[in-house]
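In: Sequence plus predicted model, see below.
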Amino acid sequence: MSSASGYGPSALATPANGVTVFRLLLAPLLVVRITTDGATWWNFVLWVVLAGTDGVDGWIARRHGTTRSGAFLDPLADKVLVLGALFSLVAIGRFWWVPVAVIAVREAAVSLWRVHLGRQGLAVPARRSGKAKTLVQGLAVGCALLPVLDSTLWVADVLLWASVVLALVSGGQYALDGARAGTAMARDGHDT
């Protein structure tokens, strides 16, 4: 099916959304398993599958047409999965709460900023730094769940702190992008 004959922007039941909902539904299972079992091969594989489906649903959406529901569900699933895994790793003492709290505050702030901009008819596209942040967070969680890295636990910690830096940088970039878009809209006389 080509994107010309794909799903309309208001479609809800799409293959891409199906993959995203799969990720959302299995995220609580991963959270419970991490909290009860910690770093196991099962948890590592489950993490890799769930984190890997983020790229799959994006690929499907580009082939069949993106939707407003997918634009909402995909980032929600990402946040539920990543923050759930990070908080679970804090709960078992694997990660320190400070970097995870910084990441969580950044995610909330950027999400609220995007909602605010969306109400004004503005959108802030994803940046490479934001995508890099997501990748590094995923690697940090994956390394923390990998049983063979028990003797080199610092690898996951370094990746977590690197993701904090990327979170702050990309968050600042999103704030500036949104402010610039709002200024341009007001200058063009489209302010509501």
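Out: Looks like it arrived, so ask away. Residues are numbered from 1 along each chain as shown.
In: from memory Ala27 sits against Val80, does it?
Out: Yes - between Ala27 and Val80 there is a contact under Cβ atoms under 8 Å: 4.9 Å. All C-beta atoms are positioned from the backbone trio N, CA, C, and that covers glycine.
In: With neighbour numbers in mind, choose between those two.
Out: Neighbours per residue (other Cβ atoms under 10 Å) separate Ala27 from Val80, with Ala27 holding more: 21 against 17.
In: residues touching the more buried one, list them.
Out: Applying Cβ atoms under 8 Å, 6 or more residues apart in numbering, we find Ala27 in contact with 50, 77, 80-81, 84.
In: Using PDB, write out every CA atom in the helix or strand harbouring Leu76.
Out: Taking DSSP states H and E as the criterion, Leu76 maps to helix 68-91. Written as PDB, here are the backbone C-alpha positions of helix 68-91 (Å, rounded to 0.1, in the frame of the first residue of the first chain):
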ATOM      1  CA  ARG A  68      -2.700  12.700  14.300                       C
ATOM      2  CA  SER A  69      -3.400   9.800  16.600                       C
ATOM      3  CA  GLY A  70       0.000   8.300  15.800                       C
ATOM      4  CA  ALA A  71       1.700  11.700  16.400                       C
ATOM      5  CA  PHE A  72       0.100  11.600  19.900                       C
ATOM      6  CA  LEU A  73       0.400   7.900  20.700                       C
ATOM      7  CA  ASP A  74       4.000   7.300  19.600                       C
ATOM      8  CA  PRO A  75       5.700   9.800  21.900                       C
ATOM      9  CA  LEU A  76       3.400   8.800  24.700                       C
ATOM     10  CA  ALA A  77       4.500   5.100  24.300                       C
ATOM     11  CA  ASP A  78       8.100   6.200  24.200                       C
ATOM     12  CA  LYS A  79       7.800   8.200  27.500                       C
ATOM     13  CA  VAL A  80       5.800   5.400  29.300                       C
ATOM     14  CA  LEU A  81       8.400   2.800  28.200                       C
ATOM     15  CA  VAL A  82      11.600   4.700  28.900                       C
ATOM     16  CA  LEU A  83      10.400   6.500  32.100                       C
ATOM     17  CA  GLY A  84       8.800   3.300  33.400                       C
ATOM     18  CA  ALA A  85      12.100   1.400  32.800                       C
ATOM     19  CA  LEU A  86      14.200   4.200  34.300                       C
ATOM     20  CA  PHE A  87      12.000   4.500  37.400                       C
ATOM     21  CA  SER A  88      12.000   0.700  37.900                       C
ATOM     22  CA  LEU A  89      15.800   0.800  37.800                       C
ATOM     23  CA  VAL A  90      15.800   3.500  40.400                       C
ATOM     24  CA  ALA A  91      13.400   1.500  42.500                       C
END
